[in-house]
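Visitor: please find the sequence and the predicted model below.
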Amino acid sequence: MAADLLCQPSRKARARLVLLHGWGADAGDLMPLGQALSDAIATPLELVALQAPQRQTQGSGRQWYGLFPADWAAVPAAVKGLKERIKSLSSEEIPLEATVLLGFSQGGAMTMAAGCDLPLAGLIACSAYPHPNWQAPVIRPPVLLLHGQKDDVVPHSAALALKNELVQSNQACDLFSFDNGHAIPVEAQAEIKKALKRWLDQPAQSA
């Protein structure tokens, strides 16, 4: 199976951040970002970077499903498999309710498709897009969308489509647009840190 990565904090972990990389990358791609985010919040954070199960055919990276061309028929099985992997991470010490899912690009699409159906602390989708005919459940975790207005890989309109689908819920859905391309720049990272503090630090302070 794919080589997932795990990083434990120096203190006992109280929450978990699960990282889902984009098409053509691997589990190590988002780990530096995860480390920076972990350093920015008070709650000791377990980092788990999941590796996509398939090797992509156009290079050495991985994919959650074929994307060029898009193999949409493979999406339901890919989402089901990811949900099972996320649920298997849950423990008495760190339940799903103390877990945040963060994905970039194809990983962001998988974050929304799998995470909205799980009782997670929050979802963060960077440069993401909705799968065809995807419908968000009314009961879902809070969501932070981040997208560059100059993204030439996944157009900014994809974030608007996600937000439009997600508004049919009483949970928050915030969209942060930035003047950049297909990336997670410093200003976007600042918004992610705010969300993690909001979702994860408060329970730790009141415990």
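Guide: In hand now; what should we look at?
Visitor: would you map the helices across the protein?
Guide: 31-40, 75-89, 106-115, 157-166, 186-196, 202-206 (DSSP state H).
Visitor: quick one: mean pLDDT over the longest one.
Guide: The average pLDDT for helix 75-89 rounds to 97.
Visitor: over to the third one?
Guide: Helix 106-115 shows an average pLDDT of 98 in the prediction.
Visitor: for it, name the packing helices and strands.
Guide: In terms of contacts (3 or more CB pairs under 8 Å, 6 or more residues apart in numbering; DSSP states H and E), helix 106-115 is packed against strand 15-20, helix 75-89, strand 99-104, strand 122-126. Bear in mind the C-beta positions are built from the backbone N, C-alpha and C, glycine included.
Visitor: can I get those in a markdown table including mean neighbour count and distance to Lys193?
Guide: A markdown table is the format used below for the helices and strands packed on helix 106-115 (neighbours: other CB atoms under 10 Å; distance: least, CB to CB, whole Å):
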| stretch | mean neighbour count | distance to Lys193 |
| --- | --- | --- |
| strand 15-20 | 28 | 11 |
| helix 75-89 | 16 | 22 |
| strand 99-104 | 28 | 12 |
| strand 122-126 | 28 | 11 |
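Visitor: can I get these in TSV with distance to Ala195?
Guide: Shown next, in TSV, are the helices and strands packed on helix 106-115 (distance: least, CB to CB, whole Å):
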stretch	distance to Ala195
strand 15-20	11
helix 75-89	18
strand 99-104	8
strand 122-126	6
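Visitor: of the ones you listed, which is nearest Gly28?
Guide: strand 15-20 (9.7 Å; CB to CB).
Visitor: pLDDT-wise, which helix or strand of this structure ranks last?
Guide: helix 202-206 (a mean of 44; mean pLDDT, DSSP states H and E).
Visitor: which of the helices of the chain sits most buried?
Guide: Counting by mean count of other CB atoms under 10 Å, helix 106-115 has the highest mean neighbour count of the helices of the chain, with a mean of 27.
Visitor: who's in contact with it?
Guide: Contacts to helix 106-115, defined as CB atoms under 8 Å, 6 or more residues apart in numbering, come from residues 19-23, 30, 52, 63-65, 67, 75, 78-79, 82-83, 86, 101-103, 123-131, 134, 136, 140-141, 143, 162.
Visitor: make it 6 Å
Guide: 20-23, 64, 79, 82-83, 101, 103, 123, 125-129, 131 (CB atoms under 6 Å, 6 or more residues apart in numbering).
Visitor: distance check, the residue nearest to the spatial centre of the chain against Ala3.
Guide: In the chain, the residue lying closest to the centroid (CA atoms, centre = their mean) is Leu102, at 2.1 Å. With the distance defined as CB to CB, to the nearest Å, Leu102 ends up 19 Å from Ala3.
Visitor: and for Gly22?
Guide: Distance of Gly22 to Ala3, computed by CB to CB: 17 Å.
Visitor: equivalent analysis for Lys87, please.
Guide: In terms of CB to CB, Lys87 sits 20 Å off from Ala3.
Visitor: do Arg11 as well
Guide: 26 Å.
Visitor: same question, Ala25
Guide: Ala25 is 13 Å from Ala3, by CB to CB.
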